[in-house]
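1. I'll drop the sequence and a predicted model, then ask my questions.
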Amino acid sequence: MAVSLFVLPLIALASNAPWSSLGQIYTSPVALDALRISAIASITATLICVVLGVPLAFVLARTDFPGRRIVRALVVLPMVLPPVVGGTALLLAFGRRGMVGGPLYDATGLLLPYSMWGVVLANVFVAMPFLVVTVYGALRALDRRPEAAAATLGASEAYILRRITLPAIAPSVGAGVVLCWARALGEFGATVTFAGNLEGRTQTLPLAVFVTLGSDRDGAVAISLMLVAVSVTVLIALRERWWGQL
Amino acid sequence: MAVSLFVLPLIALASNAPWSSLGQIYTSPVALDALRISAIASITATLICVVLGVPLAFVLARTDFPGRRIVRALVVLPMVLPPVVGGTALLLAFGRRGMVGGPLYDATGLLLPYSMWGVVLANVFVAMPFLVVTVYGALRALDRRPEAAAATLGASEAYILRRITLPAIAPSVGAGVVLCWARALGEFGATVTFAGNLEGRTQTLPLAVFVTLGSDRDGAVAISLMLVAVSVTVLIALRERWWGQL
Amino acid sequence: MTAGLSADFMVVRSLFSVTAGFEVAPGSVLGLVGSNGSGKSTIVEAIAGLLPVSKGSIGLEGALLDDAATATFVDARHRHVGVAFQEPRLFPHMSVWENVAFGIDARSRRSQSPWRPRRSQQVQPSGSTVDLRSMRLRGQAADHIWSLMEAFGLSELAARRPTSLSGGQAQLVSLVRALASEPRLLILDEPFSAMDVDVRFNVRNQLSDWLSSFSGPTVLISHDAGDAFVLADQIAVLEAGAITQSGTPDDIRRRPTTRFAASLAGTNRVTVDANAGVLSIPGSPLTLLTWDHTAAGQVVATIPAEAIALYTSQPAGSPRNTWSTTVESIQQMGSVVRVGLGVPLALAVDVTPSSVTELGLVPGSAVWASVKATEVNIADGVNM
Amino acid sequence: MTAGLSADFMVVRSLFSVTAGFEVAPGSVLGLVGSNGSGKSTIVEAIAGLLPVSKGSIGLEGALLDDAATATFVDARHRHVGVAFQEPRLFPHMSVWENVAFGIDARSRRSQSPWRPRRSQQVQPSGSTVDLRSMRLRGQAADHIWSLMEAFGLSELAARRPTSLSGGQAQLVSLVRALASEPRLLILDEPFSAMDVDVRFNVRNQLSDWLSSFSGPTVLISHDAGDAFVLADQIAVLEAGAITQSGTPDDIRRRPTTRFAASLAGTNRVTVDANAGVLSIPGSPLTLLTWDHTAAGQVVATIPAEAIALYTSQPAGSPRNTWSTTVESIQQMGSVVRVGLGVPLALAVDVTPSSVTELGLVPGSAVWASVKATEVNIADGVNM
Amino acid sequence: SEPARQGSDPTPSASDRGDAATVPGLRSGRLDVFAAASLTDVFTTIEPMVARRLPGVDLDVNFAGSSTLREQIIAGAPADVIVSANRQIVDDLVDGGAIDGAPTVFAVNSLTLVVPSGNPGEISSLDDLERSGLLVGVCAAAVPCGVLAQEYFAARGVTPSIVTEEPDVRTLLAKVISGELDAGFVYRTDALAKSEAVEVVELPEIAEMTTEYVAARVAQSTHPDAGQGFIELLKDPQVQAILLDQGFVLP
Ligand SMILES: Nc1ncnc2c1ncn2[C@@H]1O[C@H](COP(=O)(O)OP(=O)(O)OP(=O)(O)O)[C@@H](O)[C@H]1O
Ligand SMILES: Nc1ncnc2c1ncn2[C@@H]1O[C@H](COP(=O)(O)OP(=O)(O)OP(=O)(O)O)[C@@H](O)[C@H]1O
Ligand SMILES: [Mg+2]
Ligand SMILES: [Mg+2]
């Protein structure tokens, strides 16, 4: 019943696809460029999320500082912000005239929007909460006695993290990475608002779908199916152990 | 550093808000209607996600059936699908001409789109994966020996679930509910496509932001801040124990 | 199939399998002893229904619980097997009281019996002075559990969480939880290992009491032969996944058929040539007399380690089985000291620590050893 | 501050606090004994650096590890305290080998010593026949750990995961892991509780060997007085969060100053009136002689339970401390039997099971009891 | 900036709805109009007029992107009228048989170039747009303003240094206003509406690049008469005057 909720729409989508012209659409430069950009951006964003998000989850779960609950709530915000507003907020902060972006641009000429880095930043902003919250939850449920044992054996905090804690919460980190990556891959609103939409530079698959939808409905469905195919392939191929096998 | 990534855009957003006219905007029927609809829909959707998603996560984590990995991958799909495509897929399945929606409408006259139920359905479709994946990850990391002990003490599966398993993974379920609710609250693309954007009927806060953005940027920022305020309040108010305290 | 527990099965786990057959009558206690890794806990899991058997069957009260042939498998929760697992396996988010009451509570959910819904959590069992916040049971059942907890000295801990219990306290809670679940069959896997002398003494007495009014079969696992030998009616010795000997505690002590059973029971095993009650030790002039005149030829004689007496000079009015020898090793083992004797016959002798001081024993001491013919037994066969 | 471990602190946890002071010289072993919940494991956590002290300090090798006054606190990982915790606390996702090598591995990460990066996982310690997939150590260090594992009988389990170990196997891995971490101080919290007779025997021997070449102090916790008394040079008795007696094992055995220490050591405590070596029992015609002629007035005399001999008839050439009495109770305790004597003097006597059979002891039997004057001690004060 | 939008204001009162019976074809009183989101400004201005001129009609506007509207109508949405700035979308629907009658063109808009106030990019001619490092935005080719811009570039033979093709003219305008872009090709009506925040750079023959705003009756409509009434109202001189005021050109 719950599954059918997911499966039915997908079947419906698939049955509306222009199967005969699929090959042609997929070899079009629009689709290939978008696929490349999506892949690079979502993977980079996921890596950044892991590098920044896991330590953040740690700090939130393990240390007690004033305002911890507020930070915890703030971290979830990008999830509730409508993506367009999130993108706007990013522009206000990191855009050419933004609070940080402005001085940065004036000093170095560096511009985040309209570049791949802008796409990555937008993806990170939107996807990171998923990783942080998932890892946070797992850390809170963790039995900490093996960690104490490891400390008596002389392991540093980083070493404990790497060899004891992370393996123990691996299924949840895996879940978090999946959520994070999937969210980054599907990101639309914040990306288009912050990074813009230029074929071959910042146009990701979802942006390509949206743009194509205006002129070529079949093409849009086809690109959506490409998106679906990519993610299903990746998710099925993920070894169990990275996604939930202890 | 990671936190500043979240905090800066929000500060930027807040500093651009029309603080003086905020009161007036918040008491406007548009904002109030949208708030009401958002609240009802996101909470209903979260409840449905919990009711359907927790058992689904269980089945995925605990049983071994052929095609389990495929189902697991499918469950994540609504996350990667650009929301507009997701909404289209929902229309194809549950719309008046949809695979299921068509016969349903012909038989009963029931129409999901353009109603509150449509909003809820769109929210569930988009938000459920977050709950399922989070709970799944936690179940995979769980020490199952207490459950075995409970079984020898005569507890039924449902009773074990309620008194042993769920309390043990409570932090992760909490995280999942937070993610799910936040995602539902911020949902835009699928909702606008599937349920439409009818003021007082299906117009949620993000949709109101979208519409207002066209004519009145300040109003849009104000409504976004309302969204932010609602979620921050809820998240801070959440008792620790529901979000990560064992 | 008997009225109690009847088991005859093989259970397989990745690198290991156990084959076991035994019967435990209602009201009686089987002591299951064996070395670390011999498969005791594996048998527990099979009987409890956590690990299905690969061959054979398990039956309780005349009904099959698990049968490989007919693919019968009664789910753990319908077996009514109370298990005190080797690790306490307490429920971490429940109080001690809730842990102990869990079994009754869980079963009452299904049978709609005298329990109340959650809202009425404020009632305490009579006699309790502890704030039992999440109690759900009422009346008689609560009183029953409460008095069980009092008997076992748990009443002070009722409101605690398992994370704030000491090792011994946690083990005791686990034991009482199994007893409180109204089991039809009780399995205790090393129930005393973390308990101190006093607690162990009291718990063993309380458990004896409890068992005397328990009508079901009990399986007691212990690496401490003392515990098992005292509480059990029957002993089964498990070695490397197979039962190598079973019998009454006295049988095992007097006639251990394997080296392990002998060491468990603290009994010496010596291969001898028997002839009309006279045992000659190969390669030694020493002969021993035994009460058992029936055995003949090469047999294994068994002599309990504590049945051998040591003297610094030749004992007066000396019994016939007396010889002079030297002390080779001295090793304290729990509350006794095990003295190893050398030529002419390597034997282990258990004496009290004060005897060691009194006799001035050190490795190399010359001593006289003596054993009564009534303590020299003939084991059934030769299989060292 | 001494060269070994010097501890004098109070540590507080929610409902409970422990106050303890003791010193352990380098190379010597402190046996920490006490009943369940008396605070033994709490002391372990304090010394290991997992629980900061509230008052006082802990020092090792002349340096402060933890000092409430100066707010010094050396982190657990810098203390080099090897701990075998009461529950094994193995790392579930690592093999036995990785668990044991963890300490060396973890420390080498920081000091850049003779270990190699992860990629070279294929090398096996010489002598290994097991596929040690995730080994990281090489050469000498690996050989060292490997030989330690072999000595303790773990080599066959090297590639296993902790989830597939039996209870006793897991405990052994935990012990060896602590030994292998090159500790400056070793703490063993009930290290033998899950081990069977044979394994315990072997492990205790191996541990004795290991300790004899260990230059650091050791704290051994055991509820089994036997283990503690054999391995320890000093004993500290912990009761309800405070040390009530400390001394050599022989001190404790001969002169336990509290009821608990007496029951732990299996020693009788009797309040008597002393006068020049003659002890008169209040309310009884019996008098006992003691070697200790210094005590006078009301004192507590202590008599080890196993120092009392029982006879069915009056022993010939009877020592002066001989009296006739009756058996009140008989209780098997591990490998000895504790016989309770009645009027004129309630005493516990430990005898071997075969003596019980030999003497035909049952509750109510009339027997003669006798104890040498050298075994009758005077405890320092009266505090029952 | 503008005052807060009073979207549902003025709503028809109960008495207005009572009068509805007198208007032929408005039995249910509710009219579902599916409008492109880019028309929110237009609707804000004409809504009071509609309420006055079509008493008893309870106007329900569903704003979304044009392509979303197309998907919804194809899927059988209960729409009476579609109003779109994207002729292509409506033509798709006509081809699919989802439209009743011919679409009515009720306004025309033209392309224009806006720069942030102060013209930080110092753009005064078409050639300036080719300067590298300049941030120029256009609409995506899927929306009419993007099509117009591309056609214009082709006709004039220029290749501006475009950094983004925004899917929506409103986000494009917002980026110009906030200075994130140095220039953007938007509609004349947009430039007029935000005249306090942007400057218009006059370019040769750009006003000839026009697009049509169309309204059409959905075939499935349950209130065809009311729908027709609404469409006719758009052509009403009074409404047309308002549109003219907003910067539209009349068809
Ligand atoms: N989950 C498992 N998977 C595979 N092998 C296991 C598993 N658990 C235990 N074993 C192995 O099976 C054998 C029997 O284990 P079991 O736990 O039954 O021993 P035991 O007799 O209870 O020992 P102990 O006295 O140490 O508790 C051991 O060799 C052990 O290593
Ligand atoms: N985490 C904790 N929080 C609060 N109290 C605790 C905690 N752990 C143990 N206690 C309590 O502190 C006391 C001492 O516990 P500790 O574990 O030190 O005892 P122990 O001497 O090791 O006992 P055992 O022989 O049973 O292991 C006990 O009464 C116990 O209930
Ligand atoms: Mg076991
Ligand atoms: Mg302890």
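-> Yes, it's here. Ligands and ions are numbered 1, 2, ... in the order given.
2. who are the neighbours in contact with the residue in chain A that chain C sits nearest to?
-> Distances between chain A and chain C by Cβ to the nearest Cβ are smallest at A:Asp143, namely 8.4 Å. Glycine gets a C-beta too; all of them are placed from N, C-alpha and C. Applying Cβ atoms under 8 Å, 6 or more residues apart in numbering or on different chains to A:Asp143 gives the contacts A:168, B:143.
3. Show the pLDDT at whichever residue of chain A sits closest to ligand 2.
-> Closest contact between chain A and ligand 2, by Cβ to the nearest ligand atom, is at A:Arg145 (10.6 Å). Looking at A:Arg145, its pLDDT stands at 89.
4. ok, now the one 10 residues further on?
-> If you check A:Ala155, the pLDDT there is 88.
5. In three-state terms, how would it be classified?
-> At A:Ala155 the chain is in coil, as set by DSSP: H, G, I helix; E, B strand; the rest coil.
6. Count the residues that sit near it.
-> Neighbourhood size, A:Ala155 [other Cβ atoms under 10 Å in any protein chain shown]: 26.
7. Which residue is the nearest non-sequential neighbour of it?
-> D:Ala106 (3.7 Å; Cβ to Cβ, 6 or more residues apart in numbering or on different chains).
8. So which bits of the host helix or strand of E:Ala154 are buried?
-> In this assignment (DSSP states H and E), E:Ala154 forms part of helix E:144-156. Of all the residues in helix E:144-156, those buried under the rule 16 or more other Cβ atoms under 10 Å in any protein chain shown are E:144-150, E:152-153.
9. Can it be said to contact chain A?
-> No: on the criterion Cβ under 8 Å from any Cβ of the partner chain, helix E:144-156 is out of touch with chain A, staying 8.6 Å away.
10. Can you work out which other helices and strands pack against that helix?
-> strand E:99-116, strand E:136-139, strand E:183-187, strand E:210-218 (3 or more Cβ pairs under 8 Å, 6 or more residues apart in numbering or on different chains; DSSP states H and E).
11. need the residues of the stretch 151-251 of chain E near chain A, please.
-> Residues of the stretch 151-251 of chain E lying near chain A by Cβ under 8 Å from any Cβ: E:162-167, E:171, E:174-175, E:178-180.
12. Setting aside sequence neighbours, what's the nearest residue to C:Leu50?
-> C:Leu50's closest residue in space is B:Ala148 (Cβ to Cβ, 6+ apart), at 5.1 Å.
13. Which residues are in contact with that neighbour?
-> When contacts are counted by Cβ under 8 Å, 6+ apart, B:Ala148 touches C:48, C:50, C:76, C:89.
14. Now residue 155: phi and psi?
-> Chain wasn't specified; assuming chain A. Phi and psi for A:Ala155, reported as degrees, to the nearest 10, are phi -80, psi 140.
15. please go with chain C instead
-> Note on C:Ser155: its backbone torsions stand at phi -60, psi -30 [degrees, to the nearest 10].
16. Could you point out which residue ranges in the chain have low pLDDT?
-> Going with chain A. A:1-2, A:238-246 (pLDDT under 70).
17. my bad, chain E
-> Applying pLDDT under 70 to chain E flags the ranges E:1-29.
18. re earlier: quick check, nearest of the buried residues of helix E:144-156 to ligand 4?
-> Using Cβ to the ion, E:Gly146 is the member of those that sits closest to ligand 4, with 73.9 Å.
19. Setting the sequence-adjacent residues aside, check what's closest to that closest one.
-> E:Cys139 (3.4 Å).
20. gap between that neighbour and chain C?
-> Noted for E:Cys139: a distance of 57 Å to chain C, by Cβ to the nearest Cβ, to the nearest Å.
21. and the host helix or strand of C:Asp273, which residues are buried?
-> Assigned by DSSP H and E, C:Asp273 falls within strand C:267-275. In terms of neighbour count (16+ other Cβ under 10 Å), strand C:267-275 has its buried residues at C:267-270, C:272, C:274.
22. cool, stretch E:188-205 as well?
-> Quick answer for stretch E:188-205 (16+ other Cβ under 10 Å): E:188-191, E:193-194, E:197-199, E:201, E:203.
23. Was I right to think E:Leu134 contacts E:Gly184?
-> No: applying Cβ atoms under 8 Å, one finds E:Leu134 not in contact with E:Gly184, separated by 11.5 Å.
24. residue contacts, the closest residue in space to C:Asn36 that isn't next to it in sequence?
-> Closest residue in space to C:Asn36, ignoring its immediate chain neighbours: D:Gly168 at 3.0 Å, by Cβ to Cβ, 6+ apart. Contact analysis of D:Gly168 by Cβ under 8 Å, 6+ apart lists C:35-37, C:223, D:194-196, D:199.
25. Need phi/psi at D:Gly168.
-> Dihedral pair for D:Gly168: phi -70, psi -40, per degrees, to the nearest 10.
26. Please apply the same query to C:Gln234.
-> phi -130, psi 150.
27. Likewise for the one 10 residues further on?
-> Reported as degrees, to the nearest 10, the phi and psi values for C:Thr244 are phi -100, psi -20.
28. and it, what pLDDT?
-> What the model reports as pLDDT for C:Thr244 is 91.
29. and what of the one 3 residues further on?
-> Among the per-residue scores, C:Gly247 shows a pLDDT of 90.
30. Okay, it and ligand 4: tell me how far apart.
-> Distance of C:Gly247 to ligand 4, computed by Cβ to the ion, to the nearest Å: 36 Å.
31. Who does that residue form a beta bridge with?
-> Counting by DSSP bridges, C:Gly247 forms beta bridges with C:Ile235.
32. follow-up on the earlier one: which one of the contacts of B:Ala148 sits in the busiest neighbourhood?
-> C:Ala76 (25 neighbours).
33. Report the separation between that residue and C:Asp8.
-> 20 Å (Cβ to Cβ, to the nearest Å).
34. what angle sits between the helix or strand E:Val33 falls within and strand E:210-218?
-> Using DSSP H and E, E:Val33 falls within strand E:30-36. Interaxial angle, strand E:30-36 versus strand E:210-218 (axes from the mean of the first three to the mean of the last three Cα atoms, to 10 degrees): 150 degrees.
35. relative to helix E:144-156, how tilted is strand E:30-36?
-> Using the same axes, to 10 degrees: strand E:30-36 against helix E:144-156 is 30 degrees.
36. Check which helices and strands strand E:30-36 is in contact with.
-> Packing partners of strand E:30-36 (3+ Cβ pairs under 8 Å, 6+ apart): strand E:58-64, helix E:66-74, strand E:81-84, helix E:224-235.
37. change it to 10 Å
-> For strand E:30-36, the packing partners by 3 or more Cβ pairs under 10 Å, 6 or more residues apart in numbering or on different chains; DSSP states H and E come out as helix E:40-53, strand E:58-64, helix E:66-74, strand E:81-84, strand E:210-218, helix E:224-235.
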